[in-house]
Each structure stands twice: as C-alpha cells, then as structure tokens.
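Chemist: Build me a model:
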Amino acid sequence: MLFKKLFGFTKFTAYKSFSSLYDQYAIWGFEKQLEFAQQVEGLDWEVDLSSGQIKFNQSLVFPVQILGSFSFENETWLWACANTKSNIPTKLLSQVKELRAYGKKYKISELTKANLRLSINDIHSFGLVALGMFDYQGYYVGNFGSGALLMTIPELSKSMEKTAEQVQLDILSVYSKFISMFEIKAQKKVLKNYVTAKKYVIVEDNDTHLIARKGEKEIIGIFDEQGKILQLKG
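Modeler: Predicted coordinates:
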C-alpha cells in the first residue's frame with residue numbers, strides 16, 4: 001500500500017504541489033489503469049449513484065467513488081464534493097474529500113479550487129494520481145452527453161503476486177508507455193519513484209544514470225543532461 005491509516009484518516013507523504021504528486025503517483029496509477037482498461041474498454045456503462053456501483057455490459061459490477069465532472073460546453077472541471085446540484089450520496093465522496101483536504105493542508109490549488117478550466121484530457125491526471133495515492137484498481141471517464149464523470153474503482157481484492165520477472169517486465173513496459181503518452185519533464189524522478197514503489201533499492205543515482213536492484217533483477221536508466229531518458233534496460 002502507498003498509504004497507511006492513522007486514527008481513521010489517510011496519512012500521505014507531504015508533497016506540496018500537484019506536479020510533485022503527479023511525479024510520485026501517476027505512473028503507479030497508470031500501471032493499474034492499463035490492467036483495468038483491459039477489462040472494460042469498449043463496454044457499455046451505467047452508474048447507479050444510489051447503490052454506489054458502476055456496471056459494464058450488465059455483467060461487470062464495481063463499487064465507485066466520484067471525483068468530479070467535466071463540462072464539454074464550458075470546458076470546466078467541478079470537484080464532486082462542490083457539486084451541490086447532483087445530490088451525490090456522501091458515501092461516494094470519501095476519496096474526493098480526502099484529496100481536497102490534502103490540497104487544503106498543503107495549499108495545492110488544483111485540489112482546492114471548486115472549478116478549474118481544463119481540457120478533457122487533463123482530468124486523466126486526477127484519475128492517475130488518485131489511483132496511485134489510494135492504491136485503487138482503476139478509474140473510468142464516463143461520457144454522459146453534455147459532459148463526463150470521473151469515477152474511481154476501489155481495489156476489490158488483492159491480485160495474484162507477480163513474479164520478479166513479470167515485475168521487471170512491467171517496469172520496462174509501463175515506464176516506456178507512460179513517458180511516450182504524457183509530457184513528463186521529470187523523467188528520471190518518475191523512474192526513481194516507480195522502482196522504489198516496486199521495492200527496488202537505488203544503488204546508483206547521478207546526473208545521467210539511475211541503477212536500481214531487487215534481488216538478482218536490475219533496472220538501468222541512462223539520461224541526457226536535461227534528464228530525458230536515453231536508454232532503459234533491465
């Protein structure tokens with residue numbers, strides 16, 4: 001788990017900007033999202049707020065938390081706990097309330113402003129960070145015509161533990177996909193955070209090289225002077 005419970009509240013490391021949160025948690029969320037998307041991509045969806053469930057093709061059913069909604073007309077994001085018109089049940093707002101409380105504590109404007117001017121693609125950043133921070137299973141952006149609803153799916157049960165070989169392959173594959181799909185400036189920092197979350201030990205970390213080991217497995221990242229990845233191998 002990337003967090004622990006303390007007196008009923010989630011205690012996170014004190015990252016004081018959304019970019020820092022993104023660098024820490026988004027790639028871990030991205031790995032989870034890739035696996036979740038394989039289950040639901042292309043399926044019809046339906047959410048029932050009263051039961052707190054999302055259904056895909058009436059066959060896959062998951063509990064949900066509601067993070068917020070995006071308006072296509074105004075290109076604005078609204079956090080779910082600030083949406084007084086939709087009557088979202090309180091039980092579906094626990095995650096967003098924790099995110100907003102974290103933002104208030106560390107003065108992170110992206111998490112504290114009720115409304116934000118964003119593009120539809122930007123809201124995926126919120127989904128990825130939320131997955132990584134809360135160790136959730138996946139998120140879903142549901143298009144309801146005039147806008148889109150961002151929902152997260154809690155981890156229902158622990159998946160089978162992966163072999164050391166599979167973990168290694170995941171790191172190499174997921175990291176490469178992540179930096180190719182998103183504009184990531186802190187590419188070395190992201191790799192360091194990712195391998196550390198996978199319980200690798202950093203054995204070398206300088207301006208151009210990052211080497212991490214876990215047992216007999218090794219990840220080597222080679223970077224240019226601007227911190228962009230040149231080569232990743234294991």
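
Chemist: following the host helix or strand of residue 141, which helix or strand shows up next?
Modeler: Following DSSP states H and E, one finds residue 141 within strand 138-143. Following strand 138-143 in sequence order, the next helix or strand is strand 147-153 (DSSP H and E).

Chemist: So which other helices or strands are in contact with that following strand?
Modeler: The contact analysis (3 or more Cβ pairs under 8 Å, 6 or more residues apart in numbering; DSSP states H and E) places strand 147-153 against strand 65-71, helix 123-134, strand 138-143. No exception for glycine: its C-beta is placed from N, CA and C like everyone else's.

Chemist: Could you export the ones you listed as JSON lines, including mean pLDDT, mean neighbour count and distance to residue 44?
Modeler: JSON lines is the format used below for the helices and strands packed on strand 147-153 (pLDDT from 0 to 100; neighbours: other Cβ atoms under 10 Å; distance: least, Cβ to Cβ, whole Å):
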{"stretch": "strand 65-71", "mean pLDDT": "95", "mean neighbour count": "23", "distance to residue 44": "19"}
{"stretch": "helix 123-134", "mean pLDDT": "93", "mean neighbour count": "23", "distance to residue 44": "20"}
{"stretch": "strand 138-143", "mean pLDDT": "93", "mean neighbour count": "19", "distance to residue 44": "10"}
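
Chemist: Next, format these as JSON lines and append distance to residue 79.
Modeler: Conversion of those to JSON lines gives the following (distance: least, Cβ to Cβ, whole Å):
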{"stretch": "strand 65-71", "distance to residue 79": "5"}
{"stretch": "helix 123-134", "distance to residue 79": "9"}
{"stretch": "strand 138-143", "distance to residue 79": "15"}
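
Chemist: who wins for proximity to residue 182 among these?
Modeler: For those, the distance to residue 182 is smallest for helix 123-134, at 8.4 Å, taking Cβ to Cβ.

Chemist: how close does the spatially most central residue of the chain sit to residue 122?
Modeler: Per Cα atoms, centre = their mean, the C-alpha nearest to the average position across the chain is that of residue 128, at 2.0 Å. Relative to residue 122, residue 128 is positioned 11 Å away (Cβ to Cβ, to the nearest Å).

Chemist: cool, and residue 54?
Modeler: Distance, residue 54 to residue 122, by Cβ to Cβ: 22 Å.

Chemist: Looking only at neighbour counts, state which of the two leads.
Modeler: Neighbours per residue (other Cβ atoms under 10 Å) separate residue 54 from residue 122, with residue 54 holding more: 21 against 14.

Chemist: For this protein, just list every one of the helices.
Modeler: Under the criterion DSSP state H, the chain carries helices at the ranges 18-40, 94-105, 109-112, 123-134, 164-181, 187-197.
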